[in-house]
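Trainee: Sequence first, then the predicted structure:
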Amino acid sequence: MKLLGPNWLTNCPFIDYVGHTESEYEVIDGNGRSYHFVGIMAHLIEVHGFFEGRGTEYRVDPDELINFFHLNENPPIRQKK
Ligand SMILES: [Zn+2]
């Protein structure tokens, strides 16, 4: 995984106002395919189930995510909290 851009500070747009030091990342798989995302997306997806709107710059499309990380073949193992 590669950090692409500068860090900047952003707040979650939902009511929790969680602050994030934001970065843009690129993940490259063994076949050279790449996937880009910004760091706050992990929070938005996990806590709010929000993937950004269709056609927006920072959207993480659930189907693309599943296919890229082969999540339908190897479901992630969640750690107990
Ligand atoms: Zn939030």
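Mentor: That came through fine. Residues are numbered from 1 along each chain as shown.
Trainee: Give me the residue ranges of this structure where confidence is low.
Mentor: Applying pLDDT under 70 to the chain picks out residues 1-8, 21, 74-77, 81.
Trainee: Which positions in it make contact with the ion?
Mentor: Within the chain, the residues that sit near the ion (C-beta under 5 Å from the ion) are C12, F14, D16, V18, V47. For the C-beta atoms, the positions are set from N, CA and C on the backbone; glycine is no exception.
Trainee: Please identify which of these is nearest to the ion.
Mentor: Nearest to the ion, judged by C-beta to the ion, of the residues of the chain next to the ion is C12 at 3.2 Å.
Trainee: what's near enough to touch the closest one?
Mentor: Contacts here follow C-beta atoms under 8 Å, 6 or more residues apart in numbering; on that basis C12 touches V18, G19, H20, I40, H43, L44, V47, H48.
Trainee: tally of neighbours for M41?
Mentor: Using other C-beta atoms under 10 Å, M41 is surrounded by 19 other residues.
Trainee: Tell me how many other residues surround V60.
Mentor: 18.
Trainee: Using the three-state scheme, assign it.
Mentor: Secondary structure, DSSP: H, G, I helix; E, B strand; the rest coil: V60 is coil.
Trainee: ok, now D63?
Mentor: Three-state assignment for D63 (three-state DSSP): helix.
Trainee: And Y35, by the same measure?
Mentor: Three-state call for Y35 (three-state DSSP): strand.
Trainee: quick one: it from I28, how far?
Mentor: 8 Å (C-beta to C-beta, to the nearest Å).
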